[in-house]
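S.K.: Requesting a structural model of the entry that follows:
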Amino acid sequence: MDTKILNARKKELLDAQEKMLRNATESKVALSVADEATFTNMTSELDSINISLARAAAIDKGRAEVGLPREAAVIANSTASKFYAMGGYHTATPMANATPEYVTGFWQSLRSKADHERFLIQNASLGEAGTAAAGGALVPIQTDPSIRALQVEETIARSLSRVITTQMNLQLPYQSALTVSALKPESNSTGTNAFAQNAPTFATTTLSAYVVGDSVYASWELLQDSKAASDFVTMDLQRSIRVKEENLFVNGTGVSQPQGYLGNATTATGPSITAGAATLGINPILDTIGSLNRAWYVGASFLASRQEFNRLLKAQMAANQYQTYVTFDPDGSARILGYPVAFSGEMPTYVASPATTGSWLFGNFQAYACIGDRDDSNIRIKVLDQVAALNGQTVILGYRRTDQRILLGQAVVQLNTNG
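M.R.: A predicted model of the protein is given here:
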């Protein structure tokens, strides 16, 4: 289960859906029957990918908790074993992730000369696909020096939150209750009346620094012979760190990790919303906008997954709503009622079965959340050439120390979608 491949396919599907919906919106026509079927099939595949990604994340979390490696490695077992094949007993060091059945089956395929020849010689004629002697050794091979990277999910939290640098843990003060004025009756001969005493209250939250990173072991031979390998590994480390940070900045619990957006905002309310949740459409979106304190309209934006945004466009078409609720800038970026829409691959998407709730956020994220990077915001890349030198390997390590805290919950409202 390669999450990079799944995310690449997810982006292809979302781009295709968005293109279909934009074309229909601009033409002010509903999707054809064939387009509806194609869109539905894409949605089903997206739901399946989302479930697979969630399972992969759960497995990754579980492995991290018990200290297991995230990838299965072929590591030799120190205990030799004997097995019977090709007319006699043999001693071999089996691989930790090669089953005894596989080992036995492999050697049994060589138990006779006829089987041995069938295994090694596919075709006696000369050709590229044959053995080296049959012509394979004559064909030159060159590898393209460029390495095509898999697509990773969209990350946006660092562009939305306020980002500062810290030298140590920092206490961030914020106002927890407003000053409340009251009418004061006039003081006269019948008595005195004092002013109300409703002072503001304050609280603090600690902006700490948690390490997010990974390490990659690469052989000296690979790094010498492939000049692109070291640059690619460095870029891929940076991508992996940004993706993990995005997950924490959106979903983090705040306990021994950054505090995420979801679950800390004001709950959206309105006629089309029940207990903070609604069937997605323009009415709940309008109610969500109306739920935000007007002081935070300046600099406000939407945050959702691209799949949720496409569902909104689809819902508009189904209701024959071609008003300019949703517009697109010349660069392709989207707006809802003039407010920009940001996309994150970590924002949840509604899935009917098994039931998964989607979410939308709207508000001023600069006031809502603060990211603190220790010393600076650079991702540190360290090349360790001594740690695994006896194995002929260089360790390429990347990390960033960061944290996020929510300051003003009223600056953002959250809408959950259950249909």
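
S.K.: Show me what counts as buried in stretch 310-324.
M.R.: 310-317, 322 (16 or more other CB atoms under 10 Å). Just so you know, the C-beta spots here come from the backbone N, C-alpha and C atoms, and that holds for glycine as well.

S.K.: brain fart, stretch 354-370
M.R.: Of the residues in stretch 354-370, those buried (16+ other CB under 10 Å) are 356, 358-370.

S.K.: that older thread, any chance of the buried residues of stretch 310-324 in CSV, plus distance to residue 411, pLDDT and secondary structure?
M.R.: Formatted as CSV, these follow (distance: CB to CB, whole Å; pLDDT from 0 to 100; DSSP: H, G, I helix; E, B strand; the rest coil):
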residue, distance to residue 411, pLDDT, secondary structure
310, 27, 92, helix
311, 26, 92, helix
312, 23, 92, helix
313, 27, 88, helix
314, 30, 87, helix
315, 27, 86, helix
316, 28, 84, helix
317, 32, 82, helix
322, 32, 67, coil
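
S.K.: List the neighbouring strands of the longest strand seen in the chain plus their orientation.
M.R.: The strand that spans the most residues within the chain, counting by DSSP state E, is strand 393-406. Taking DSSP bridges as the criterion, strand 393-406 sits next to strand 210-219 (antiparallel), strand 369-374 (antiparallel), strand 380-384 (antiparallel) in its sheet.

S.K.: how about the last one as CSV, C-alpha atoms only?
M.R.: Yep, that's strand 380-384 we're talking about. The C-alpha coordinates for strand 380-384 follow below in CSV (Å, rounded to 0.1, in the frame of the first residue of the first chain):
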residue,chain,number,x,y,z
ARG,A,380,17.4,20.9,8.4
ILE,A,381,19.1,18.3,6.2
LYS,A,382,22.1,16.5,7.7
VAL,A,383,24.4,14.1,5.8
LEU,A,384,25.9,11.6,8.3
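
S.K.: what comes up buried for that strand?
M.R.: By neighbour count on 16+ other CB under 10 Å, the buried set for strand 380-384 is residue 381.

S.K.: Run through who's touching that strand.
M.R.: The contact list for strand 380-384 (CB atoms under 8 Å, 6 or more residues apart in numbering) reads 234, 237-238, 394-400.

S.K.: sorry, back to before: looking at the buried residues of stretch 354-370, which one is closest to residue 168?
M.R.: The shortest gap between residue 168 and any of the buried residues of stretch 354-370 belongs to residue 370, at 15.4 Å (CB to CB).

S.K.: Tell me if I'm right that that closest one and residue 404 touch.
M.R.: Yes: using CB atoms under 8 Å, residue 370 is in contact with residue 404, at 6.8 Å.

S.K.: what is in contact with those two at once?
M.R.: residue 161.

S.K.: CA atoms only: put stretch 308-326 into CSV for me.
M.R.: This file holds the C-alpha atoms of stretch 308-326, laid out as CSV (Å, rounded to 0.1, in the frame of the first residue of the first chain):
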residue,chain,number,x,y,z
GLU,A,308,-15.5,18.4,-0.7
PHE,A,309,-15.2,21.5,-3.0
ASN,A,310,-16.1,19.4,-6.0
ARG,A,311,-19.1,18.0,-4.1
LEU,A,312,-20.3,21.5,-3.5
LEU,A,313,-20.2,22.3,-7.2
LYS,A,314,-22.0,19.1,-8.0
ALA,A,315,-24.7,19.9,-5.4
GLN,A,316,-25.2,23.3,-7.1
MET,A,317,-25.7,21.7,-10.5
ALA,A,318,-28.1,19.2,-9.1
ALA,A,319,-30.2,22.1,-7.8
ASN,A,320,-29.8,24.1,-11.0
GLN,A,321,-28.1,26.8,-9.1
TYR,A,322,-25.9,28.7,-11.6
GLN,A,323,-25.6,31.9,-9.6
THR,A,324,-22.0,33.1,-9.1
TYR,A,325,-21.6,31.6,-5.6
VAL,A,326,-18.5,29.9,-6.8
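
S.K.: returning to that earlier point: just give me the closest of the contacts of strand 380-384 to residue 162.
M.R.: Using CB to CB, residue 400 comes nearest to residue 162 of those, at 16.9 Å.

S.K.: what separates the residue nearest to the closest one when sequence neighbours are not counted from residue 154, distance-wise?
M.R.: Nearest residue to residue 400, sequence neighbours excluded (CB to CB, 6 or more residues apart in numbering): residue 379, at 4.8 Å. Per CB to CB, to the nearest Å, residue 379 is found 18 Å from residue 154.
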